[in-house]
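Visitor: Task: produce atomic coordinates for the following.
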Amino acid sequence: MTDRRPFDPPTSRPKGTDIPAAALPPLPPLNLAAVEKAARRSASGGVWSLGHLRICWAVLAGFAVLEGIVAGLVSGGRGILGVAIGSAIVGGFFTVSTVIIARVGAKNPKNVMKAALVSYLGKVIALGVVLVMIPRDGGVDTKWMAGSVAIGVFAWLGAHMRYVWTTKIFYVDPS
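Guide: Modelled structure (predicted):
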């Protein structure tokens, strides 16, 4: 029996467990450009940054172009217009929320939830007005518009999640 407590680490390693340096695989080179890019993104606004909007809009536009090509081949101009309106709805919906939440959060983080809920209510009302005003048998193919909204939401959220997961955000001031 020893006088050590059960969770104390041993003071020395058992014999035969030392790994020679030559047996260890070499470390990969450090990608300083990626580290600097992440640090710039983190320092550019931190939690209330609007940096993700550019990548989200780019991904949304890419999906809109692909869907627009298919809609044009299947339904003609009405389908293309539906895709354009659906993508604009998604982009506008998320951009308005982002800007409002970032501005309120930078000034007074305690009011972020209130601002988000008020902006959400306003956007839902605006979306309802837009949907009521678009005639079902008019110049816009509403089925393509609905499909574009669905695909656009997933594209936007995917781009946003990737941005958040890959952005280095300092939770503690490194200085």
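
Visitor: Next, residue 158: secondary structure please.
Guide: Following DSSP: H, G, I helix; E, B strand; the rest coil, the label given to residue 158 is helix.

Visitor: Same check on residue 140?
Guide: Following three-state DSSP, the label given to residue 140 is coil.

Visitor: give me the number of residues near it?
Guide: For residue 140, the tally of surrounding residues (other CB atoms under 10 Å) stands at 21. The way it works is simple: take the backbone N, C-alpha and C, and place the C-beta from them, glycine included.

Visitor: same check, this time on residue 141
Guide: Neighbour count for residue 141, taken as other CB under 10 Å: 25.

Visitor: So it versus residue 114, what's the distance?
Guide: Applying CB to CB, to the nearest Å, the value for residue 141 to residue 114 is 38 Å.

Visitor: What of residue 89?
Guide: From residue 89 across to residue 114, the span is 24 Å (CB to CB).

Visitor: More neighbours: the two, which one.
Guide: Using other CB under 10 Å, the more surrounded residue of residue 89 and residue 114 is residue 89, with 20 against 11.

Visitor: where does this structure dip in pLDDT?
Guide: Applying pLDDT under 70 to the chain flags the ranges 1-24, 27, 34-47, 169-175.

Visitor: ranges for the helices of it?
Guide: For the chain, applying DSSP state H gives helices covering 32-43, 52-75, 77-107, 112-133, 142-166.

Visitor: Using TSV, lay out those helices together with distance to residue 25.
Guide: Formatted as TSV, those follow (distance: least, CB to CB, whole Å):
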stretch	distance to residue 25
helix 32-43	21
helix 52-75	34
helix 77-107	43
helix 112-133	46
helix 142-166	25
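
Visitor: Nearest to residue 26 among those would be which one?
Guide: Ranking the helices of the chain by proximity to residue 26 (CB to CB) places helix 32-43 first, at 17.6 Å.

Visitor: okay, now residue 28: neighbour count?
Guide: What residue 28 shows, counting by other CB under 10 Å, is a neighbour count of 6.

Visitor: Then the one 5 residues further on?
Guide: Neighbours of residue 33 under the rule other CB under 10 Å: 8.

Visitor: sorry, back to before: highest average neighbour count across the helices of the chain?
Guide: Among the helices of the chain, helix 77-107 has the highest mean neighbour count (mean count of other CB atoms under 10 Å), at a mean of 19.

Visitor: What helices and strands are in contact with that one?
Guide: Packed against helix 77-107 by the contact rule (3 or more CB pairs under 8 Å, 6 or more residues apart in numbering; DSSP states H and E) you find helix 52-75, helix 112-133, helix 142-166.

Visitor: Just the C-alphas of the first one, formatted as PDB.
Guide: Same thing as helix 52-75. Extracted in PDB, the C-alpha atoms of helix 52-75 (Å, rounded to 0.1, in the frame of the first residue of the first chain):
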ATOM      1  CA  HIS A  52     -20.700  36.300 -41.800                       C
ATOM      2  CA  LEU A  53     -23.100  38.200 -44.000                       C
ATOM      3  CA  ARG A  54     -20.700  38.200 -47.000                       C
ATOM      4  CA  ILE A  55     -20.300  34.400 -47.000                       C
ATOM      5  CA  CYS A  56     -24.000  33.800 -46.300                       C
ATOM      6  CA  TRP A  57     -25.100  36.100 -49.200                       C
ATOM      7  CA  ALA A  58     -22.500  34.400 -51.500                       C
ATOM      8  CA  VAL A  59     -23.800  30.900 -50.700                       C
ATOM      9  CA  LEU A  60     -27.400  32.100 -51.000                       C
ATOM     10  CA  ALA A  61     -26.700  33.700 -54.400                       C
ATOM     11  CA  GLY A  62     -24.900  30.500 -55.600                       C
ATOM     12  CA  PHE A  63     -27.900  28.300 -54.700                       C
ATOM     13  CA  ALA A  64     -30.300  30.900 -56.300                       C
ATOM     14  CA  VAL A  65     -28.400  30.800 -59.600                       C
ATOM     15  CA  LEU A  66     -28.500  27.000 -59.700                       C
ATOM     16  CA  GLU A  67     -32.100  26.900 -58.700                       C
ATOM     17  CA  GLY A  68     -32.900  29.700 -61.200                       C
ATOM     18  CA  ILE A  69     -31.300  27.700 -64.000                       C
ATOM     19  CA  VAL A  70     -33.500  24.700 -63.200                       C
ATOM     20  CA  ALA A  71     -36.600  26.900 -62.800                       C
ATOM     21  CA  GLY A  72     -35.900  28.600 -66.100                       C
ATOM     22  CA  LEU A  73     -35.700  25.300 -67.900                       C
ATOM     23  CA  VAL A  74     -38.800  23.900 -66.200                       C
ATOM     24  CA  SER A  75     -41.100  27.000 -65.800                       C
END
